[in-house]
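Participant: got a structure for you, letters missing:
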């Protein structure tokens with residue numbers, strides 16, 4: 001998927017999670033997802049825990065952090 005399209009999945013709004021970048025339409029911060037991955041959670045475990053999340057959402061978090 002195009003990097004720009006992935007990044008459109010990330011939003012920052014001062015009224016949502018104190019302006020931290022979140023996955024659009026959720027209150028899940030990029031930081032939270034990255035922290036879960038860093039502590040050994042698999043993508044499958046995260047997707048199972050948060051039913052509305054997609055593989056592309058997790059990719060967007062990784063791309064956002066890389067930039």
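Facilitator: Right, received. Where do you want to start? Fair warning: this is a prediction, and the values are worked out from it, not measured in the lab.
Participant: only C-alpha atoms for contact and neighbour calcs from this point on.
Facilitator: Fine.
Participant: hmm, who's touching the helix or strand of the chain with the lowest mean pLDDT?
Facilitator: None of the helices or strands of the chain scores lower by mean pLDDT, DSSP states H and E than helix 3-7, at a mean of 93. Residues outside helix 3-7 that contact it (CA atoms under 8 Å, 6 or more residues apart in numbering): 56-57, 59-60, 63-64.
Participant: quick one: which of these is nearest residue 37?
Facilitator: Nearest to residue 37 among the contacts of helix 3-7: residue 59, at 11.5 Å, using CA to CA.
Participant: tell me the confidence at that closest one?
Facilitator: Looking at residue 59, its pLDDT is 97.
Participant: what's the distance between it and residue 18?
Facilitator: Residue 59 is 23 Å from residue 18, where distance means CA to CA, to the nearest Å.
Participant: more crowded one of these two?
Facilitator: More crowded of residue 59 and residue 18, by other CA atoms under 10 Å: residue 59, with 17 against 9.
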